[in-house]
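A.B. asks: Pasting the sequence and the predicted model now:
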Amino acid sequence: MTRNAFDFSAIDRRTVLQIGAALAAGPLLGLPTLAQAASDPKLIEAAKKEGAVSLYSSASTGPSNAIAEAFKAKYGIPVAVYRAGSADVATRVQSEEAAKRYQADALIIEEPALSLLLPFLATYDSPERAAIDAAYKAPQYTLIRMYMSQIGWNTNAVKSGAPTDWKDLLDPKWKGRFGSLDPHVTATTLAWMVLMDKLYGPTFLQQFGANKPKLYASTNAMSQAIVSGEIDMGVTNSFGVIQMADTGAPMAGVIPKNVVLYGGNVAVFAKAPHPNAARLFCDFACSAEGQTLINVAGATIPTHPQASAPKAGSLAEWGKTRTFSQPDYKKILADTPALLAEWDKHVK
Amino acid sequence: MRTLKLERPGLAAVAALAIVMVTYPVVFTVLRAVSKDDIGSAFTAEWLVAAVTSPRGAEALLNTAIYTAGSSALAMLLGVGLAFLAIRTDMPGGRFVGVLALMPMLVPPFILVVGWVALADPGAGFFNIVASWLAGSRTTLVDVNTMPGIVWVTGLFLTPYVYLLVAAGFRNSDATMEEAARVSGAGPWKLLRTIILPLQRPALLAALLLVVIMSAGDFIIPSTIGLKARIYMMSSLIWQNSSSFPARPGLAAAQALLLVVVGLACIFLQRRALSRGARFTLVGGKGSGATVFALGRMRYPLAALALVFALCSSVFPLLAVGSMAFMKFWAPSAFSLANLTLKNFRYVLFEYPQVWPSAQHSLLLALLGATASVLLAIALAWYVHRSRGRLAGALEYAIVLPLGIPGIALGIGILSAWILVPGGIYGTLWILLLAYVTAHLPVAMQFVASALHRIHTELEDASRVAGRSALGTVLRIDLPLMRPALIGCWLLMYVVILREISLVILLYNPATVVLSVGLMDVWSSGFYPELAVYSLLLMVLGLLPVALLWKFARFGAEPERS
């Protein structure tokens, strides 16, 4: 049940109201003019003829439904959303592909599940991708919603001497008072481990383990534990902190200078039963309009330079003061057993 | 002396189908455990060896043994004790205790965990916050993040299963035997030891079997408190190996097979114990006038003890969860008017997508699934214990298999099989129904079989002699006598289907979404206040039939007088 800690878990919300607000704000942001750069009219016509899209998404309900509803409102094509954790989405797709029962048209998923599904994806260079930086796209997929690793804390518990960087977690005064995700069930934590190793060498993990983090299975569970006072702080991520603070909870944090950049991708299935509608959906998800919607709903950061999700900020802004590290998931997948053995040795 | 041979081909066919239904997901698990990669790749013993020799394997086995023994013992003690106090004694408030003993069943297990963390976490638990306030310094009165802590929570969670199984037996046990013992001068203790408890042997053994297998295979505790407390168990390892990237399904399957072996060993021991005790299990038809034990001076102390249990098992965690539902964010420090809100209710009940269509699907599936499970269990129990068909032995062992297989693995097995059937039921509500029945039939079977055990075949023989058909006998003799157990079983099936999660996540479709998919979503990506509202919604839906059927099931206080 908690297996999808890897997803955009703790965050992704939220309400129709917020989505409504984003839609209302659209004209102010000048979105309608941008949207004109959009899809081929022939594609739109063919998509409408197909009349449906089936979306497999590991983004949680808030963002998944925000984009599905907006797509339907714009083109009159309903989107059926199958939502599950990324490992479950991957299992389901692999089973359907093996049995040749192709049901999925479009996909929203993050790494490393994406790597497992690459053989089943079509290459599609959406016209909407032109504005997106090359670092965020590949022939078969496009990153559309990003977030960063960070330290989050309870503002009632951490008043002075709050951490500013990762190595502050090693301070004995936090011994047993902070949390981490369990890398056995969250591959994002492996990516973070790799960055820590690169920044500080192998002693970081030793000292981290010696400082006795409490382990959690999902960002969400850890955010709740921070707010309720189980722990004072934890290694969490940007959307988790933003959304928890949004509820009025005593949550704040810091995004250290060197951060891991995680992201959710959109893609089209090679054997999509509705290939045109799938492409049109992909166009929409890549566009400034679509990215604004999904990122506002999820407190994540868009990759389209003209999309805007003010709470999460923009990559250009963050890039001025932070050094992003985009994990090499192929390598992480290959190194997982060694990385986990290393973790088990130090974090007991 | 089995005069009632009912080996009709129809019944044998049902038994054969049931064996296939519960076995094929297990076959997939076995194949996965011995295949290098996907099923169909080269065979290997690598996973089986790794399951036994992996670094945490020994530690996990030991922890699982302690955890299973502890929580099963606690659940048996509480379940049997409360059922006895509520039904067979003059303890005041017995009926109330009976209701409260069943409450944890209605609560999704997650939320019981959330509730207990809110009560007994060293930093964030109410008990410790109050203790610290009284003591003037940071004081840890109770700590849920320990082995005794998780044994406690799991024991409470399993208590209703035991209660339901034995309460029905306590209710319609044979008054004439008790009468005979009393007349021959047996005191209350002797009566209890020599007549009442031995008569409940089938129910007690069924309860023990269930709680042992359920606690050994439980995933909720290992993935929450267990992880935090670093108490690794077999199911933690299965969970980690099937959730990591890349997943190691072969290793996870091999580890799941260890749980299957535990299940099979349990059923073997249960059968042996039952066959030795067969002569004690006769119970006549008349349930009236069963002894009511006078507790004397112990009445009030015992009532107080029962009340403490009730407070712990349901009232406290539910209060914690109930208060969460009205808070903007959840923290023990956040009880203030400023943090009070109804927006969680508005969000879950009116804005959360598909909450009402999924409620309809869930209700339909729970009604159908519970009914199908109970009917199937009646047919199978009859086949095993009365007509002793040729497949009876195989069926008895096969039927516990799904209990040893984690829900998600069971889901993968069902998916892998039905996706290959063209057209078929893949992607429909029926595949969910099939999955629910497959997963929960073992529990239903224990209920029905233990109830059938209590009915002496003389009654059935009499009915046959009087000229009734086999089916007529079942309808007029067995079903009425088993009524409390059957209704209890149906209610249990209904609520567990309503809240079943890991099984359905791979099998649902956007058009067949069920409530527990939303529960999983809110659990993994929402806030606890929303999870609390969602859980309350599930509880209300779960309570509906309990309230409607309560009168007929009567697990509560007064002995049946019909």
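C.D. replies: Done, it's in. Numbering: from 1, shown residues only, chains lettered A, B, ... in the order given.

A.B. asks: sec struct for residue B:359, please.
C.D. replies: What DSSP: H, G, I helix; E, B strand; the rest coil gives for residue B:359 is helix.

A.B. asks: Just to check, it is in contact with residue B:544?
C.D. replies: No. Using C-beta atoms under 8 Å, residue B:359 makes no contact with residue B:544, being 11.4 Å away. For the C-beta atoms, the positions are set from N, CA and C on the backbone; glycine is no exception.

A.B. asks: Compare those two and say which one has the larger neighbour count.
C.D. replies: residue B:359 (18 against 12; other C-beta atoms under 10 Å in any protein chain shown).

A.B. asks: Could you find the closest non-adjacent residue to the more buried one?
C.D. replies: Nearest non-adjacent residue to residue B:359, counting by C-beta to C-beta, 6 or more residues apart in numbering or on different chains: residue B:515, 5.7 Å away.

A.B. asks: check contacts around the one you found.
C.D. replies: Residue B:515 sits next to B:355, B:358-359, B:361-362, B:498, B:537-538, B:541 when contact means C-beta atoms under 8 Å, 6 or more residues apart in numbering or on different chains.

A.B. asks: which SSE is residue B:492 in?
C.D. replies: Here residue B:492, judged by DSSP states H and E, is contained in helix B:479-499.

A.B. asks: helices or strands up against that helix?
C.D. replies: Packing partners of helix B:479-499 (3 or more C-beta pairs under 8 Å, 6 or more residues apart in numbering or on different chains; DSSP states H and E): helix B:94-106, helix B:147-171, helix B:355-385, helix B:429-453, helix B:515-525, helix B:528-553.

A.B. asks: Which one, of these, ends up nearest to residue B:185?
C.D. replies: helix B:147-171 (23.0 Å; C-beta to C-beta).

A.B. asks: okay, the angle between the closest one and helix B:479-499?
C.D. replies: Helix B:147-171 runs at 150 degrees relative to helix B:479-499, counting by axes from the mean of the first three to the mean of the last three C-alpha atoms, to 10 degrees.

A.B. asks: Wasn't residue A:142 part of a helix?
C.D. replies: No. Assigned with three-state DSSP, residue A:142 falls outside any helix and is strand.

A.B. asks: Quick check, it in contact with residue A:125.
C.D. replies: No. Residue A:142 lies out of contact with residue A:125 (C-beta under 8 Å); the separation is 9.3 Å.

A.B. asks: So between the two, which is more surrounded?
C.D. replies: Using other C-beta under 10 Å as the criterion, residue A:142 and residue A:125 rank with residue A:142 on top: 25 against 11.

A.B. asks: does the more buried one have beta-bridge partners, and which?
C.D. replies: Judged by DSSP bridges, the bridge partners of residue A:142 are residue A:137, residue A:266.

A.B. asks: For it, give me its contacts.
C.D. replies: Counting by C-beta under 8 Å, 6+ apart, residue A:142 makes contact with A:126, A:129, A:132, A:136, A:265-267, A:282, A:285-286, A:303.

A.B. asks: Which of those sits closest to chain B?
C.D. replies: For these, the minimum distance to chain B (C-beta to the nearest C-beta) is 15.1 Å, reached by residue A:265.

A.B. asks: And the residue nearest the centre of chain B?
C.D. replies: residue B:161 (5.3 Å; C-alpha atoms, centre = their mean).

A.B. asks: mind listing what that residue touches?
C.D. replies: B:75, B:79, B:105, B:207, B:210-211, B:214, B:443, B:492.

A.B. asks: now do residue B:379
C.D. replies: Applying C-beta under 8 Å, 6+ apart, the residues near residue B:379 are B:11, B:14-15.

A.B. asks: Pull up the gap between it and residue B:122, please.
C.D. replies: 51 Å (C-beta to C-beta, to the nearest Å).

A.B. asks: now do residue B:345
C.D. replies: 31 Å.

A.B. asks: circling back to that earlier point, now neighbour count and pLDDT too, for the contacts of residue B:161, in a markdown table please.
C.D. replies: Output for the contacts of residue B:161, formatted as a markdown table (neighbours: other C-beta atoms under 10 Å in any protein chain shown; pLDDT from 0 to 100):
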| residue | neighbour count | pLDDT |
| --- | --- | --- |
| B:75 | 28 | 94 |
| B:79 | 25 | 90 |
| B:105 | 23 | 80 |
| B:207 | 28 | 87 |
| B:210 | 24 | 84 |
| B:211 | 26 | 89 |
| B:214 | 20 | 83 |
| B:443 | 26 | 86 |
| B:492 | 24 | 85 |
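
A.B. asks: Tell me the one of those residues nearest residue A:311?
C.D. replies: Among the contacts of residue B:161, and counting by C-beta to C-beta, the member closest to residue A:311 is residue B:105, at 41.2 Å.

A.B. asks: wait, that closest one sits on residue B:498?
C.D. replies: No. In this structure, residue B:105 is not within contact of residue B:498 by C-beta under 8 Å, at 10.7 Å.

A.B. asks: what are the phi and psi values for residue A:179?
C.D. replies: Dihedral angles phi and psi of residue A:179 (degrees, to the nearest 10) take the values phi -120, psi 160.

A.B. asks: what about the residue nearest to residue B:342 when sequence neighbours are not counted, how many neighbours?
C.D. replies: Leaving out its chain neighbours, the residue that sits closest to residue B:342 by C-beta to C-beta, 6+ apart is residue B:326, at 7.1 Å. By the measure other C-beta under 10 Å, the count of residues near residue B:326 is 17.

A.B. asks: got the phi/psi numbers for residue B:326?
C.D. replies: phi -100, psi 10.

A.B. asks: just to revisit the earlier point, next one: the residue nearest to residue B:359 from residue B:33, what distance?
C.D. replies: Residue B:515 is 33 Å from residue B:33, by C-beta to C-beta.

A.B. asks: so where's chain A uncertain?
C.D. replies: A:1-38 (pLDDT under 70).

A.B. asks: residue ranges for the strands of it, please.
C.D. replies: A:53-57, A:79-83, A:106-110, A:137-138, A:141-154, A:178-181, A:214-216, A:233-237, A:251-254, A:258-268, A:323-325 (DSSP state E).

A.B. asks: Outside of the fourth one itself, which residues are in contact with it?
C.D. replies: This means strand A:137-138. A:129, A:143.

A.B. asks: please redo it, this time with the cut-off set to 6 Å
C.D. replies: residue A:129 (C-beta atoms under 6 Å, 6 or more residues apart in numbering or on different chains).

A.B. asks: roughly how far out does it sit from the chain middle?
C.D. replies: Distance of strand A:137-138 from the chain centroid (C-alpha atoms, centre = their mean, to the nearest Å) equals 16 Å.
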